[in-house]
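Undergrad: Curious how this folds, go ahead:
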Amino acid sequence: AADAPARPDSARAAGIKNCRYALWKNPENLTEKQQAKLAWIVQTDPRLARAYYLKEGLRVIFKLPLGEATEALDKWVGWARRCRIPSFVKLQKSIVKHRTAILASIEHGLSNGRVESMNTKIRLMTRIAFGFKSPDALIALAMLSLGGHKPVLPGRN
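TA: Residues are numbered from 1 along each chain as shown. This is a model prediction of the structure:
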């Protein structure tokens, strides 16, 4: 209601309101306005800034060669362990648990990104296919769109 008292963090939330893309994007892709918002966050919200730097630090590790990545990952885990942000403390525990697989992924340049992309596209097609009478139509749509074979349609070159 309009006469309700303000929530304790409403002023903070209003300040951060339009900063989401500045926090999501890679630093090299930020616009000038987003860079200014990020600088404002660093000055006004140290916890959110710490979370951003942890996110960016982890992103950089996956671009390093294996030797450097191993050392950087160990330093990142120590930083995340001490950061007092529950999500990152939990994440570092998962990273420690799966460290060998993560380093193998870095060494061999493997990722499940393509599989996840394919799954997302198939989920979208499933929503589109709700009106189809059989699952065969969905399967045909997925194979046509994602199967790699692009038949030439009649009347087109």
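Undergrad: now the helices for this structure?
TA: 10-16, 20-24, 32-44, 46-61, 66-82, 86-97, 99-108, 113-128, 135-146 (DSSP state H).
Undergrad: Need those helices in CSV (columns: distance to Asp3, mean neighbour count and mean pLDDT).
TA: Yep, even glycine has a C-beta here, placed from its N, CA and C like the rest. Putting the helices of the chain into CSV (distance: least, CB to CB, whole Å; neighbours: other CB atoms under 10 Å; pLDDT from 0 to 100) gives the following:
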stretch, distance to Asp3, mean neighbour count, mean pLDDT
helix 10-16, 15, 12, 71
helix 20-24, 30, 15, 88
helix 32-44, 29, 14, 91
helix 46-61, 31, 15, 94
helix 66-82, 43, 15, 96
helix 86-97, 35, 14, 96
helix 99-108, 52, 14, 93
helix 113-128, 42, 11, 90
helix 135-146, 52, 13, 88
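Undergrad: care to break the chain down by domain?
TA: Domain assignment for the chain, taken from the TED database, gives 10-108, 112-147.
Undergrad: could you dump those domains to a markdown table with distance to Gly155?
TA: Shown next, in a markdown table, are these (distance: least, CB to CB, whole Å):
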| stretch | distance to Gly155 |
| --- | --- |
| domain 10-108 | 41 |
| domain 112-147 | 18 |
